[in-house]
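**Student:** my questions concern the predicted model and sequence given below.
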Amino acid sequence: MRVPRILITDNLAPEGVDLLREHAEVEVAPTLTEDELIARLAGFDALIVRSATKVTKRVIDAADTLRVVGRAGVGVENIDLDAATRRGIVVVNSPAGNTLAAAELTIAMMLALARRIPHAHASTQRGEWKRAAFLGRQLHGKVLGIVGLGRVGIEVAVRTRAFGMTLLGYDPYLSPERAKELGVESVDLPTLYQRADFITLHCALTKETRQLINRQSLGQMKRGVYLINCARGEIVDEAALAEALQNGRVSGAALDTFEREPPIGSPLLALDTEVGQGCPTYNLVLTPHLGASTAEAQVEVAVDLAQQVLDALAGRVPRYALNLPPIAPEQRAFMEPFLTLAERMGALHSQLAQGAVERVELAYAGDLVARPTEAVKCAFLKGLLQPMMEETVNWVNAPLLAQSRGIVVRESKTDEHEDYQSLVTATVITALGGRELQGTVFGRREPRLVSLDSRRISLVPEGTVLLVWNYDRPGMIGSIGTLLGEAKVNIANMEVGRADAGVTAVMALMVDSPVPQPVIDAIATRDGILTVKQVDFRSESTLCS
C-alpha cells in the first residue's frame, strides 16, 4: 500500500506534525500563493492549512490526487467548501481545540475591564500613582448576559458561576432543561440587554447576527454596561460602539476580533484611553485576535486535526468532517433528493419554530425505510441547527450538537404509506407547542412538501415562500394577491392547504423576489389573517457528488 503524502503550508504545532509522520510522508512548506500551491500540490493526498493559505476552486480543481483538506482551527472561509465537495475531497476542521482558550480570554477581558488593568498598568509604568482614577467593579453579584451558548459560551457560563454572577443566556437552540443544568436563565435579547451588567458574545456570524450590536441594540442596553466580543468581529458595529462609549451608554468594551483585521481606520482606535488629571477616559481593551493563541490550544488543535486527516485517509469517518455524507455510492442516486428534502424541512422548521427546541420526532414510511435514514436525520438536524449555531453544522456533528443542547431526537419507521411511496414526517416540539411537516420526492428527483400542520399542500421547497395562516373564507386570496401586486411582487405559484372547510387555512405563495417588510406588515393587519411568515430555502444540495 502506498504511503500517503501530506503537505502542510501553515504553522502546525510539532506534536501534530510528529503524529502525521508516524503514518505518512509529510512535507512542510511556508505559506504559499495560489500559483505556488498549485505547482506544489501534485501527488499529495492531504493538505493542512490554517487561515493564511487560500484553498480556492482553482487550487482544488488542479489537485488531481488530493483527498483531504484539513483546517487547523474553526473557520473555513479560506477553503472553497463547495468546490471540495464537488471533487469528493473531504474537508475537516478542529473547532473544539481552542474552546477553553477562547473562554479563558473572554473572562480575562471581563476582569481587565472591571478592574481597568491595562490602563492602570500603563499609568504605573509611566511613573504615575493614580489609584483614585482606577476605581473598579466587582463581578460578584453582577448580571452576565451570554449571547450564544455553544461550546465557548457554555464554558464561560460554567466558569463565571464561580464569581457569583447571575447568568442570563440567549440561544434559541438551547433547551430549557440544558439551560437549567448550566444555571442559566434563558431570556430573549431585549430582556438580556435590559438586565445585563456585562454582555459577552459567542454567536455565529450569520445574516441575522451581522452587526447584531448596533445603535438600536446598544440603546436598549442598561446604561453603563460592559461589552466583550471574542467571537466574530462583524457582529459589532464599531462606529456605533465608539459612539456608545463616548456618550456613556457603554462603560467599557473589550474586543479580540474586528470588522476588518487588522482594524486599520476603526473609530475605536481613535478613542483616547489614557487617564488624564485623575479622571479615566474610555475603558477600552483591544487585542489582535488571540482567542486560540495559547500553547495548549495550539497543541490540541494540531493533534486533533492530524488524527482526523489520518482517519479520513484511512477511510474512517472524521469527527468534524464538514462535507462527508455517510452514504454508500450505490445509494446516492436514491438518497440525494431525500437529503435535500430533509435539510430544507429542517430549515423551514428553524424559521417557523417559536421558543427553544425541546424534541424532534422523525418518522419514515415506505421505500425509504430500507435506506440509510441516519443520513436523513443528519440532514434534517443540519438544516434545523445551522442558522443560529456558532460553529459549522455538518453531517457528522449535527446529532452531537443537538444532544449538547438537550434536544431529544426520536425516530420511527413504517413499512408502507397509503398515499406515498416514501414519506418523511418531521415534528418539532418547543415549549410553546409543536409543528408537523411532511415531505416526499416526486418522480426521482423533486423534493416536495405535502403537509403543513395537517393541512395538505404541494410545495417545492426552494426560493422564497410567503406562508400565510388565515381564516378560511372568501376574499382572502384576492386580498393578499392585490397587496403583492401593488408592491410589484410576482407570484410564481400558490398552494392553499386546509383541514376542514370554513375553519382555517394556510397559503403558500412562491414569489420571484423577497416581499418587503412593510408589505408583510400590511398583510398581517388584514382582517382574517392569523400569521404571516416569509421563509427562505437554501438552494444547494447537501450531498457530496
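**Tutor:** On my side now, so go ahead. Numbers count the residues shown, from 1 in each chain.
**Student:** what's the domain layout of the chain?
**Tutor:** 5-97+296-324, 99-286, 336-535 (automatic domain parsing).
**Student:** how far off centre is the second one?
**Tutor:** The reference is to domain 99-286. How far domain 99-286 lies from its chain's middle: 20 Å, per Cα atoms, centre = their mean, to the nearest Å.
**Student:** okay if I get the domains of the chain as CSV plus mean pLDDT and mean neighbour count?
**Tutor:** Just so you know, the C-beta spots here come from the backbone N, C-alpha and C atoms, and that holds for glycine as well. Formatted as CSV, the domains of the chain follow (pLDDT from 0 to 100; neighbours: other Cβ atoms under 10 Å):
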stretch, mean pLDDT, mean neighbour count
domain 5-97+296-324, 91, 19
domain 99-286, 93, 18
domain 336-535, 88, 18
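**Student:** which residue of this structure sits farthest from its center?
**Tutor:** Within the chain, Gly127 marks the point farthest from the mean C-alpha position, 47.0 Å out by Cα atoms, centre = their mean.
**Student:** how near is it to Glu361?
**Tutor:** For Gly127, the distance to Glu361 under the criterion Cβ to Cβ, to the nearest Å works out to 68 Å.
**Student:** partner residues bridging Met510?
**Tutor:** Beta-bridge partners recorded for Met510 (DSSP bridges): Val465, Asn493.
**Student:** thought Gly463 was touching it, still the case?
**Tutor:** Yes: Met510 lies in contact with Gly463 (Cβ atoms under 8 Å); the separation is 6.2 Å.
**Student:** which residues are in contact with each of the two?
**Tutor:** Common contacts of Met510 and Gly463 (Cβ atoms under 8 Å, 6 or more residues apart in numbering): Ala492.
**Student:** Ala244: which element?
**Tutor:** For Ala244, the host element (DSSP states H and E) is helix 238-247.
**Student:** elements contacting the next helix or strand after that helix?
**Tutor:** Scanning forward in sequence from helix 238-247, with DSSP H and E defining helices and strands, the next element found is strand 250-255. Applying 3 or more Cβ pairs under 8 Å, 6 or more residues apart in numbering; DSSP states H and E, we find strand 250-255 packed against helix 99-115, strand 225-229, helix 238-247, strand 283-286.
**Student:** now the third one against strand 250-255, angle please.
**Tutor:** Per axes from the mean of the first three to the mean of the last three Cα atoms, to 10 degrees, the angle that helix 238-247 makes with strand 250-255 is 140 degrees.
**Student:** which residues make contact with helix 238-247 from outside it?
**Tutor:** Residues from elsewhere that reach helix 238-247, judged by Cβ under 8 Å, 6+ apart: 211, 213-215, 218, 227, 250, 252-253, 258-259, 263, 266-268, 270-271, 282-284.
**Student:** can we see that at 10 Å?
**Tutor:** Contacting residues not belonging to helix 238-247 are listed as 211, 213-219, 221, 223, 225, 227, 229, 237, 249-253, 255, 258-260, 263, 265-271, 273, 281-284 [Cβ atoms under 10 Å, 6 or more residues apart in numbering].
**Student:** surely Glu15 touches Ala72?
**Tutor:** No: Glu15 is beyond contact range of Ala72, at 11.9 Å (criterion: Cβ atoms under 10 Å).
**Student:** what touches both of those two?
**Tutor:** With Cβ under 10 Å, 6+ apart as the test, Glu15 and Ala72 both reach Gln298, Ala302, Ala306.
**Student:** contact partners for the second one?
**Tutor:** I take that to be Ala302. Contacts for Ala302 were tallied using Cβ under 10 Å, 6+ apart; they are 8, 11-20, 48, 72, 94, 97.
**Student:** now, which of these lie within helices?
**Tutor:** Using DSSP state H, the members of those that fall in helices are Pro14, Glu15, Gly16, Val17, Asp18, Leu19, Leu20.
**Student:** setting aside sequence neighbours, what's the nearest residue to the third one?
**Tutor:** It stands for Gly16. Take Gly16 and drop its neighbours on the chain: the residue closest to it by Cβ to Cβ, 6 or more residues apart in numbering is Ala302, 2.8 Å away.
**Student:** quick check, the one you found in a helix?
**Tutor:** Yes: note on Ala302: a helix contains this position according to DSSP: H, G, I helix; E, B strand; the rest coil.
**Student:** in three-state terms, label His23 for me.
**Tutor:** When states are read from three-state DSSP, the local structure at His23 comes out as coil.
**Student:** ok, now which ones touch the closest residue in space to it that isn't next to it in sequence?
**Tutor:** For His23, the nearest residue in space outside its immediate sequence neighbours is Leu310; the separation is 5.4 Å by Cβ to Cβ, 6+ apart. Listed by Cβ under 10 Å, 6+ apart, the contact set of Leu310 reads Pro4, Ile6, Leu19, Leu20, Glu22, His23, Ala24, Ala46, Val68, Gly70, Arg316, Pro318.
**Student:** please identify which of those residues is nearest to Gly169.
**Tutor:** When these are compared for distance to Gly169 (Cβ to Cβ), Pro318 wins out at 30.3 Å.
**Student:** what about the longest helix in the chain?
**Tutor:** Using DSSP H to define each element, the chain has its longest helix at helix 332-352.
**Student:** next one: the residue lying closest to Ile79 once chain neighbours are set aside from Ala83, what distance?
**Tutor:** Nearest residue to Ile79, sequence neighbours excluded (Cβ to Cβ, 6+ apart): Val55, at 4.4 Å. Distance of Val55 to Ala83, given as Cβ to Cβ: 9 Å.
**Student:** now the common contact residues for the two.
**Tutor:** A shared contact of Val55 and Ala83, defined by Cβ under 10 Å, 6+ apart, is any residue touching both; here these are Ile89, Val91.
**Student:** point me to the residue sitting closest to the centre of the protein.
**Tutor:** The central residue of the chain, meaning the one whose C-alpha is nearest the mean C-alpha position (Cα atoms, centre = their mean), is Met389 at 2.9 Å.
**Student:** just the strands in the stretch 151-300 of the chain please.
**Tutor:** Remark: strands of the stretch 151-300 of the chain, listed N- to C-terminal, are 166-170, 185-186, 198-201, 225-229, 250-255, 283-286; assignment by DSSP state E, counting those that start in this stretch.
**Student:** same for the last one, what does it pack against?
**Tutor:** Applying 3 or more Cβ pairs under 10 Å, 6 or more residues apart in numbering; DSSP states H and E, one finds that strand 283-286 contacts helix 99-115, helix 117-125, helix 238-247, strand 250-255.
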